[in-house]
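Asks: Here you go, sequence then predicted model.
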Amino acid sequence: MTDIVTFGETMLRLSPPRGERLERTRALDVHAGGAESNVAVTASRLGVDAVWLSKLPDSPLGRRVVSELRSHGVRTGVAWADPEATRMGTYYVEHGGSPRGTNVIYDRSDAAVTTAKPSELPNGAVRNAGLFYTSGITPALSPTLAETTESLLETATAADTTTAFDLNYRSKLWTPAEAGETYRSLLPNVDVLVGAERDIASCLGRDGDPANVARELAAEYDLETVVVTLSEEGSLAYRNGELYEQGVYESETFDAIGTGDAFVGGFLTKRLQGGDVPESLAYGAAAASLKRTVDGDLAVVTPAEVDAVVEEDADDISR
Ligand SMILES: O=C(O)C(=O)C[C@H](O)[C@H](O)COP(=O)(O)O
């Protein structure tokens, strides 16, 4: 049995060196990036067995993604597509700095994953997992993927695999109303919901006191756990009538992209390792703070580093 199986798109992330503009750069750094593989990498690095499912073109670009994920211990279940008939999703990140924000440009339409059907994927891996994770980015990518996402969540639910879903609203992919409709159709097959306060408000129309929002969502969709992320205010979780709060651990931000996924990866890992809700929240928050110090989407961190942040004895220099 696998601890955690995730499903979604991973792109090649291309970014100019800091301070350079995309218009002018002669060099692009290449990293693998995608919400569900980011979570799988965090989980694998922090000590649980992680599998990532997807579809990629059978080309050097597709193999580049798989080899990067495998280098972090993630096992992959990939449907390989004809590279002549499909393409690799990419995204460009131009790092900003005040007053110019960081800009993300997607080039992901018609990527191989947009045609992924359940029959092409190892459904047995989902049935035999402790936990299945996907996010709201996946069903946004194509009508086929919306159906596949629903089908995999149903497969997991029918097999008693715990399901976890992060709303992960992306305004460059769809409108809040479109996202809200899809989220509502998926939530009956979700056990653990993670959502940013602003996404819950804009897409699910629930705002106000986040503790009440979490309680209401849990009751309406019969959710086992609801985690609301609150940016600099940290996060809170509602489970079994109890509410838990967690602040953020301070960090120096080198690259903020992937922070949310590191939080989810850390939270789910600690849960899979038998941690309770407060321990899982703290572990997620610590993984998130460490991610911000690392370039790329992936939380290239160790369990000892995360433990040190939780115990708040992370030193400046280790020698
Ligand atoms: O697939 C997409 O559209 C993505 O946006 C992939 C992102 O690079 C990550 O999901 C990072 O998201 P955060 O962890 O919230 O920073």
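Replies: Thanks, I have it. Numbering: from 1, shown residues only.
Asks: use CA for all of it now, contacts and neighbours both
Replies: Noted.
Asks: Hmm, residue 21 and residue 102 touching each other?
Replies: No. With the criterion set as CA atoms under 8 Å, residue 102 and residue 21 do not qualify as a contacting pair; they are 10.9 Å apart.
Asks: joint contacts of those two?
Replies: Listed as contacting both residue 102 and residue 21 by CA atoms under 8 Å, 6 or more residues apart in numbering are residue 94.
Asks: Just the closest residue of the stretch 1-150 of the chain to the ligand, please.
Replies: The minimum distance from the stretch 1-150 of the chain to the ligand, using CA to the nearest ligand atom, falls at residue 35 (3.5 Å).
Asks: Wait, that residue touches residue 259, no?
Replies: No. Under the contact definition of CA under 8 Å, residue 35 does not touch residue 259, with a separation of 10.1 Å.
Asks: what about these two, which has more around it?
Replies: Taking neighbours as other CA atoms under 10 Å, residue 35 and residue 259 compare with residue 35 leading, 28 against 23.
Asks: separation between the more buried one and residue 2?
Replies: 19 Å (CA to CA, to the nearest Å).
Asks: which residues does residue 251 contact?
Replies: The contact partners of residue 251, taken as CA under 8 Å, 6+ apart, are 289-290, 292-293.
Asks: Would you quantify the distance from the closest residue to residue 247 other than its chain neighbours to residue 160?
Replies: Taking CA to CA, 6 or more residues apart in numbering as the measure, residue 247 lies nearest to residue 234, with 4.2 Å between them; neighbours along the chain are not counted. Here residue 234 is placed at a distance of 30 Å from residue 160 (CA to CA).
Asks: Then residue 260 would be within a helix, right?
Replies: Yes. Judged by DSSP: H, G, I helix; E, B strand; the rest coil, residue 260 forms part of a helix.
Asks: Please name the nearest non-neighbouring residue to it.
Replies: residue 288 (6.6 Å).
Asks: ok, the one you found - how many residues close by?
Replies: 29.
Asks: Who are the packing partners of the helix or strand encompassing it?
Replies: When elements are defined using DSSP states H and E, residue 288 is found to belong to helix 277-291. Counting by 3 or more CA pairs under 8 Å, 6 or more residues apart in numbering; DSSP states H and E, the packing neighbours recorded for helix 277-291 are strand 235-239, strand 242-246, helix 259-272, helix 303-310.
Asks: What about the spatially closest residue to residue 102 that is not a sequence neighbour, how many residues nearby?
Replies: Spatially, and ignoring its direct neighbours in sequence, residue 102 is nearest to residue 96 (4.1 Å; CA to CA, 6+ apart). Residue 96 is surrounded by 14 other residues when neighbours are defined as other CA under 10 Å.
Asks: For residue 96, give its distance to residue 38.
Replies: Shown here: residue 96 relative to residue 38, a distance of 22 Å by CA to CA.
Asks: just residue 160 next, same as before
Replies: In this structure, residue 160 and residue 38 are separated by 24 Å, where distance is defined by CA to CA.
Asks: Can you give the contact residues for stretch 167-178?
Replies: With contact meaning CA under 8 Å, 6+ apart, stretch 167-178 is reached by 135-137, 140-141, 179, 183, 193-196, 199-200, 202-203.
Asks: For residue 4, identify the helix or strand it belongs to.
Replies: Assignment of secondary structure by DSSP H and E places residue 4 within strand 2-7.
Asks: Run through the neighbouring helices and strands of the very next helix or strand once past that strand.
Replies: Sequence-wise, the next helix or strand downstream of strand 2-7 (DSSP H and E) is strand 11-15. Contacts defined by 3+ CA pairs under 8 Å, 6+ apart place strand 11-15 against strand 29-33, helix 60-70, strand 90-94.
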